[in-house]
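Colleague: Here is a sequence with its predicted model. Questions after.
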Amino acid sequence: MKAPAFDYARPASLAEVFDLLEQHGDEAKLLAGGQTLMATLNMRLSQPGILIDITGLNEPALTGIRSDGGLLSIGALVRHREIERSEAVAAQVPLLAQAVPHVAHIAIRNAGTFGGSVAFADPAAEYPACLVALDATIVLVSRAGERKVAARDFFKALYETELRPSELVARGEIAVQKPGYRSVFMELARRHGDYAIVGIAAHGKVAGGVLSDVSLAYLGVGGIPVLARQAMAALEGQAYSTDLVGAAQRALAGDLDPAADLYSSGATKMHLARVLTGRALAALAEGA
Amino acid sequence: MSGKRQTAITVNGVTENRAVEPRMHLIDYLREECGLTGAHAGCEHGVCGACTVRVDGDIVRGCLTLAVATDGRRVDTIEGLSDSGEIADLQQAFHEHNALQCGFCTPGMLMAAQDLVREMPDASREEIREYISGNYCRCTGYQAIVDAIEAVLKARKAKGAAPQALKVVK
């Protein structure tokens, strides 16, 4: 359970990172907080030739939490604990603030980064589902400059993303929550801090009990976060009621087809996704 | 590749100049290079919390941190916290409440407990449980550990604002 041998570099600038990526190609892995990467190295699931530690970068494009023009930007190198403590996140993107306490444990949240979670794209990770629910943008950077990809297009398949070998995740850009909108994040795990069996990121407008523009993204139910478009359509413009919840839960049959994991069958996950849907819609309608 | 790198890491206040392999975890660096065997290597993939140490004041997993990545930074271990008296009351409370049996988890548990006491002086039992959820104990069933931490929270509060309260959590 010790990591294999590898070389290590701690570049001070993005230009140096690009040099190293070009020089080492597939042999190189980016290291940020390391809370996923180090565990996979310790278990010898990966054997890179060199780790490029990007935590020494002091590039504005990758650091800090900023609010500008209706967008909240979260740098790739921002640690989970900073997001958890951020008043700007709590006020402007409450969905993310609700999700962070579910990310592992405090000692891990002190080291793990926003960009690492996005780039690794674990299907049970919290941020990817939130970013998909919120229709956020992921900004990628390479020597050629920045390019922006919608979160809904970024996650492609299990551990597969739009990220090219020459690119880094620079930051996420999330629209500040509009008046009248609410957010709910919930997940079910066997123990606190474990990977979720199933989770839900819900966001939408509630006016006089009527739901609109609701987005529901699920984690732990497939290779990537899944946007439940049929359930969302069933909710559009409808007044919250137990019948409406039932309709959304039934519509999920067309959205989700969860495979079994080590502990739960697909049918169990589907059941739990429906249970969470009911709870999340109730919380959305009633407001917390 | 993977030649040793020179590092200067401040361990419990003393700067250690050592050449280490990039692959070496902070926990192994502390135990094998520095002879500080208080923090334990348990699961070695970030689950059990036995290797909990502080880097620049924040608790982290010693098994998910590379020693070379802490070059130039400050690392504090259970030995440092114990010798300085910072956690004397926690140690006493763990003893009084039988909050340890085999003791393997105890150094990591104390690091997490001290972090909690600093960050959340008003923590409820439920919040204590959540805070130490990243530290596994296979002996006590946790009840006694929660009792001990709760007792220290109350005692430090009774003494007025704890001098260790460095950070304010809203």
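Modeller: On my side now, so go ahead.
Colleague: Pick out the residue of chain A closest to chain B.
Modeller: Distance from chain B to each residue of chain A (C-beta to the nearest C-beta) is smallest for residue A:105, at 2.6 Å. Heads up, the C-betas are built off the backbone N, CA and C, glycines and all.
Colleague: Give the closest residue to that residue in space, chain neighbours not counted.
Modeller: Leaving aside its chain neighbours, residue A:105 sits nearest to residue B:134 (2.6 Å; criterion: C-beta to C-beta, 6 or more residues apart in numbering or on different chains).
Colleague: and the gap between that neighbour and residue A:138?
Modeller: The gap separating residue B:134 from residue A:138 is 28 Å, by C-beta to C-beta, to the nearest Å.
Colleague: These two: which is more packed in?
Modeller: Set residue B:134 next to residue A:138 and count neighbours by other C-beta atoms under 10 Å in any protein chain shown: residue A:138 wins out with 28 against 23.
Colleague: is it fair to say the more buried one lies in a strand?
Modeller: Yes - the assignment for residue A:138 (DSSP: H, G, I helix; E, B strand; the rest coil) places it in a strand.
Colleague: Tell me the secondary structure at the residue nearest to the spatial centre of chain B.
Modeller: Ranked by distance to the mean C-alpha position of chain B (C-alpha atoms, centre = their mean), the top residue is residue B:111 at 2.6 Å. Under three-state DSSP, the three-state class of residue B:111 is helix.
Colleague: For the nearest residue to it once chain neighbours are set aside, list the residues it contacts.
Modeller: Distances taken as C-beta to C-beta, 6+ apart place residue B:52 nearest to residue B:111, at 4.2 Å, with adjacent residues excluded. If you count contacts by C-beta atoms under 8 Å, 6 or more residues apart in numbering or on different chains, residue B:52 has them with A:107, B:39, B:59-62, B:107-108, B:111-112, B:135.
Colleague: how does it look with 7 Å?
Modeller: By C-beta atoms under 7 Å, 6 or more residues apart in numbering or on different chains, the contact set of residue B:52 is A:107, B:39, B:59, B:61-62, B:108, B:111-112, B:135.
Colleague: for residue A:121, same thing?
Modeller: Applying C-beta under 7 Å, 6+ apart, one finds that residue A:121 lies in contact with A:128, A:155, A:159, A:161.
Colleague: What's the local residue count around the nearest residue to the second one once chain neighbours are set aside?
Modeller: If you skip the residues right next to it in sequence, residue A:155 has residue A:224 as its closest partner in space, 3.9 Å away by C-beta to C-beta, 6+ apart. Counted by other C-beta under 10 Å, the residues lying close to residue A:224 total 23.
Colleague: For residue A:224, give me its contacts.
Modeller: Residue A:224 neighbours (C-beta under 7 Å, 6+ apart): A:123, A:155-157.
Colleague: Wasn't it part of a strand?
Modeller: No - counting by three-state DSSP, residue A:224 is located in no strand; its state is coil.
Colleague: Residue of chain B closest to chain A, please.
Modeller: Of all residues in chain B, residue B:134 sits closest to chain A, at 2.6 Å by C-beta to the nearest C-beta.
Colleague: Distance-wise, check that residue relative to residue B:50.
Modeller: Counting by C-beta to C-beta, the gap from residue B:134 to residue B:50 is 11 Å.
Colleague: Same check on residue A:95?
Modeller: Counting by C-beta to C-beta, the gap from residue A:95 to residue B:50 is 34 Å.
Colleague: Same question for residue B:40.
Modeller: 4 Å.
Colleague: shared neighbours, the two?
Modeller: Shared contacts of residue B:40 and residue B:50, counting by C-beta under 7 Å, 6+ apart, come down to B:104, B:108.
Colleague: Have a look at the two and say which one is more surrounded.
Modeller: Set side by side, residue B:40 and residue B:50 show more neighbours around residue B:50, with 25 against 21, by other C-beta under 10 Å.
Colleague: What does the pLDDT read for the closest residue to the more buried one other than its chain neighbours?
Modeller: Nearest residue to residue B:50, sequence neighbours excluded (C-beta to C-beta, 6+ apart): residue B:42, at 3.5 Å. Per-residue pLDDT puts residue B:42 at 96.
Colleague: and what of the one 10 residues further on?
Modeller: Residue B:52 is assigned 98 on the pLDDT scale.
Colleague: Please apply the same query to residue A:281.
Modeller: Note on residue A:281: pLDDT of 98.
Colleague: Quick check: which element contains it?
Modeller: Using DSSP states H and E, residue A:281 falls within helix A:266-286.
Colleague: got it, and residue A:245?
Modeller: helix A:242-251.
Colleague: which other residues reach that helix?
Modeller: Residues contacting helix A:242-251 (C-beta under 7 Å, 6+ apart): A:230-231, A:234-235, A:238, A:274, A:277-278, A:281.
Colleague: same check, this time on stretch A:4-15
Modeller: The set of residues external to stretch A:4-15 that reach it, using C-beta under 7 Å, 6+ apart, is A:17, A:20, A:41, A:44, A:47-53, A:56-57, A:59, A:141, B:1-2, B:5, B:21-23, B:68.
Colleague: Which ones among those residues map onto helices?
Modeller: Judged by DSSP state H, helices contain the following of the contacts of stretch A:4-15: A:17, A:20, A:41.
Colleague: Switch those residues over to TSV; also include distance to residue A:267, neighbour count and pLDDT.
Modeller: Shown next, in TSV, are the ones in helices among the contacts of stretch A:4-15 (distance: C-beta to C-beta, whole Å; neighbours: other C-beta atoms under 10 Å in any protein chain shown; pLDDT from 0 to 100):
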residue	distance to residue A:267	neighbour count	pLDDT
A:17	45	25	98
A:20	47	17	98
A:41	35	26	95
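Colleague: those helices in the stretch 1-150 of chain A, which residues are they?
Modeller: Counting by DSSP state H, counting those that start in this stretch, one finds helices in the stretch 1-150 of chain A at the ranges A:14-24, A:37-42, A:80-85, A:87-92, A:94-99, A:106-109, A:114-120, A:126-133.
Colleague: Most tightly packed of the ones you listed?
Modeller: Among the helices of the stretch 1-150 of chain A, helix A:126-133 has the highest mean neighbour count (mean count of other C-beta atoms under 10 Å in any protein chain shown), at a mean of 28.
Colleague: what pLDDT, on average, does that one get?
Modeller: 98.
Colleague: which helices and strands sit right next to it?
Modeller: Packed against helix A:126-133 by the contact rule (3 or more C-beta pairs under 7 Å, 6 or more residues apart in numbering or on different chains; DSSP states H and E) you find helix A:94-99, helix A:114-120, helix A:151-154, strand A:198-207, strand A:210-219.
Colleague: Give me the sheet partners of the helix or strand just after the third one and which way each runs.
Modeller: Tracing the chain C-terminally past helix A:151-154 and defining elements by DSSP H and E, one meets strand A:155-157 next. Sheet pairing for strand A:155-157, assigned by DSSP bridges, gives strand A:160-161 (antiparallel).
Colleague: Tell me the first helix or strand C-terminal of the partner strand.
Modeller: Trace forward from strand A:160-161 with DSSP H and E and the next one is strand A:168-175.
Colleague: hmm, who's touching that following strand?
Modeller: A:17, A:30, A:54, A:61-62, A:70-76, A:93, A:114-115, A:118-119, A:131, A:134, A:136-141, A:146, A:163.
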